[in-house]
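Engineer: Let me see the structure of the following:
(one chain, ligands or ions: 1)
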Amino acid sequence: VQWFDYAAPTTLGEAVSILAAHPSARLLAGGTDLLVQMRARRKQTDLVVDAKRIPELSVLDYDPAAGLTLGAAVACYRVYESAAVRAAYPSLAEVASIIGGTAIQGRASIGGNLCNAAPSADAIPLLIALGATARIAGARGERTVAVEDFCTGPGKNCLEAGEVVVSLRIPPPGAGFGAHYLRFIPRNEMDIAVAGAGVSLRIAGGTITAARVALASVAPMPVFVKAAGDALVGKAPGREAFEAAGEAAKAAASPITDMRGTIAFRRHLCAVLTRRALEAVAAAQKGVQ
Ligand SMILES: Cc1cc2nc3c(=O)[nH]c(=O)nc-3n(C[C@H](O)[C@H](O)[C@H](O)COP(=O)(O)OP(=O)(O)OC[C@H]3O[C@@H](n4cnc5c(N)ncnc54)[C@H](O)[C@@H]3O)c2cc1C
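Structural biologist: Next up is the predicted model:
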């Protein structure tokens, strides 16, 4: 048996004070990673701090000029049930709907997915593609970190002791913008990605004006493939450009062989998933133009 105390602060200030006073405390959002890891004794703590009663961590607010503010503890079902999210960021609604199943989505958060920093986390490549930033608060004040700079290793992130992610900020999509996340899993659902690719494109007048590509499950942490996105800018959206981006993604991957797939298979998947995700965004853009 692993005994622990439980605190449920109702303000951000209170949560930060509790965490500052107890460096070994762990924040609990949905608990769908934390509790599993505590049971398996991969994480230990004597104090669990519930994030779900802190207003700033429960916000879901979309403003066409400012973009989306997504509280770090907002459960996935609230993301995909939000009409504003579905309209402005359909890719985010979709990724929230593939994390686990219905029961998991009732608790699990996008913020928890990010903070858990699994190399296979499905939401992280898409957040990178969307240009998301994390608002972080701690006893020494606040800071903002781009999601591509957040993870530092398998299960490791840039948070210092006592810091919490308050919310994620996603810029407004604007005209001609689209994003998509694709993963390969041997089963239809409830599986860990063998590889995943999150991409975004902005297309204006038949030319790509901005692009971002990120990968899951092919390195010790999610990979932002800046070169793949940069090389797309100025090109016409199409097979040639998307295949080149796929090859750049493949080159940026440094996967391992495990029971889910070999190095060669994972590298191949990077190219295929990146190309297909880009094709999906371009096809959807055609539909709205
Ligand atoms: C059956 C099952 C299926 C799953 N399927 C998927 C899947 O398909 N894809 C996928 O990516 N994941 C999957 N997961 C993993 C998990 O559900 C996700 O990673 C989920 O998004 C975690 O969110 P959470 O709110 O439950 O995090 P929690 O478990 O509450 O927290 C995760 C970690 O982050 C820390 N943390 C949480 N919030 C904050 C914060 N605001 N600031 C600082 N630290 C914080 C916690 O202390 C903990 O260490 C699955 C898990 C299970 C049990």
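
Engineer: only C-alpha atoms for contact and neighbour calcs from this point on.
Structural biologist: Will do.

Engineer: Name the nearest residue to A252, ignoring sequence neighbours.
Structural biologist: V225 (6.5 Å; CA to CA, 6 or more residues apart in numbering).

Engineer: go on, H268?
Structural biologist: K250 (6.7 Å).

Engineer: pretty sure that neighbour belongs to a helix, no?
Structural biologist: Yes: looking at K250 with DSSP: H, G, I helix; E, B strand; the rest coil, it is inside a helix.

Engineer: Compute the number of surrounding residues for it.
Structural biologist: 25 (other CA atoms under 10 Å).

Engineer: what do you get for A175?
Structural biologist: Counted with other CA under 10 Å, A175 comes out at 11.

Engineer: ok but it is inside a strand, no?
Structural biologist: No: checked against three-state DSSP, A175 lies outside a strand; its state is coil.

Engineer: ok, it - contacts?
Structural biologist: A175 sits next to R202 when contact means CA atoms under 8 Å, 6 or more residues apart in numbering.

Engineer: now it: how far from the ligand?
Structural biologist: To the ligand, A175 is 29 Å away according to CA to the nearest ligand atom, to the nearest Å.

Engineer: Contacts only, for the residue nearest to H268.
Structural biologist: R267, H268, L269, C270, A271.

Engineer: my read is the last one is in a strand, agree?
Structural biologist: No: residue state for A271 (three-state DSSP) corresponds to helix; a strand is not indicated.

Engineer: please renumber so the chain begins at 2
Structural biologist: Yep, numbering from 2; the last one is A272 now.

Engineer: What strand or helix carries the residue lying closest to it once chain neighbours are set aside?
Structural biologist: Using CA to CA, 6+ apart and skipping residues adjacent in sequence, the residue nearest A272 is G247, 3.8 Å away. Element membership of G247 [criterion: DSSP states H and E] is helix 240-253.

Engineer: got the CA coordinates for that helix in PDB?
Structural biologist: Extracted C-alpha coordinates of helix 240-253, given in PDB (Å, rounded to 0.1, in the frame of the first residue of the first chain):
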ATOM      1  CA  ARG A 240       2.800  15.300 -53.900                       C
ATOM      2  CA  GLU A 241       6.300  16.500 -54.700                       C
ATOM      3  CA  ALA A 242       6.600  18.900 -51.800                       C
ATOM      4  CA  PHE A 243       4.800  16.600 -49.400                       C
ATOM      5  CA  GLU A 244       7.100  13.600 -50.300                       C
ATOM      6  CA  ALA A 245      10.200  15.800 -49.600                       C
ATOM      7  CA  ALA A 246       8.700  16.800 -46.200                       C
ATOM      8  CA  GLY A 247       8.100  13.100 -45.500                       C
ATOM      9  CA  GLU A 248      11.800  12.300 -46.300                       C
ATOM     10  CA  ALA A 249      12.900  15.200 -44.000                       C
ATOM     11  CA  ALA A 250      10.800  13.800 -41.200                       C
ATOM     12  CA  LYS A 251      12.200  10.300 -41.800                       C
ATOM     13  CA  ALA A 252      15.700  11.800 -41.600                       C
ATOM     14  CA  ALA A 253      15.000  13.500 -38.300                       C
END
